[in-house]
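Asks: Quick one, what's the 3D model for this:
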Amino acid sequence: METIELIIHSILRWLVLITLFVHLYCLYKGFFQNKPFSKFNRIFSHITVGFVHLQFVVGLYVFYTSEKINIFLENVKDSMPIYELRFFAVEHTSIMLLAIILITIGSFKSKRIEDERKKYKTQIIYYTIGLVLILASIPWNLSPLFRY
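Replies: Coordinates of the predicted model:
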C-alpha cells in the first residue's frame with residue numbers, strides 16, 4: 001500500500017533531481033565561462049541543499065514507519081539475501097545519507113572560500129558526486145511510484 005509519506009518522498013525526488021541538475025548546469029557554466037559567483041548561485045545553492053535536506057527528513061520518516069524496514073530489522077540475518085529488503089534497509093539508506101553529507105559539506109565549504117573559481121570547483125565536485133550517488137541509489141526498478 002502506498003502511504004502519503006512515500007508518495008511525498010517520491011515526488012520530492014524529482015524536485016531534488018531538478019534542482020541538482022539546474023544548479024550543476026549553472027555551476028559548470030559559471031566555472032567554464034569565468035563568471036563571478038553570483039547571489040543567484042548562493043541562493044540556488046541554499047534551495048538545492050534545502051530540498052535535499054527536506055527529502056532526507058521525509059525519507060527518515062518513511063524509513064522508521066516502513067513495513068519493509070521492520071521486517072528487515074526483525075531478522076537481519078535472514079533478510080540480507082532478499083534484495084528488496086536489503087536494498088531499502090542498507091544500500092539505499094547508506095548511499096543516500098552519504099550523498100546528503102557530501103552535498104552539505106560542499107555547500108558549507110564553498111561558503112568559506114573567497115576565490116570564486118575554487119568556490120565553483122568545490123561545489124561542482126561535491127554536488128556532482130552527490131548527484132551520481134543519488135542517481136545510483138534511486139530504486140528505479142523497485143519503485144511502484146516511478147510514475148510520480
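Asks: Low-confidence bits of the protein, can you list those?
Replies: For the chain, the stretches with pLDDT under 70 are 1-2, 142-148.
Asks: Longest helix in it, please.
Replies: Scanning the chain for the longest helix, with DSSP state H as the assignment, gives helix 4-32.
Asks: The helix or strand just after it vs helix 4-32, what angle?
Replies: Past helix 4-32, heading to the C-terminal end, the next element that is a helix or strand (DSSP states H and E) is helix 39-65. Angle, helix 39-65 to helix 4-32, by axes from the mean of the first three to the mean of the last three Cα atoms, to 10 degrees: 150 degrees.
Asks: Next, the buried residues of helix 39-65.
Replies: Of the residues in helix 39-65, those buried by neighbour count under the rule 16 or more other Cβ atoms under 10 Å are 41, 44-45, 48-49, 51-52, 55-56, 58-59, 62-63. (C-beta placed from N, C-alpha, C; glycine too.)
Asks: With stretch 115-134 instead?
Replies: 116, 119-120, 122-124, 126-128, 130-131, 133-134.
Asks: same deal with stretch 132-141?
Replies: When neighbours are counted by 16+ other Cβ under 10 Å, the buried residues of stretch 132-141 are found to be 133-134, 137-139.
Asks: now, which of the residues you listed lie within helices?
Replies: Counting by DSSP H, the members of those that fall within helices are 133-134, 137.
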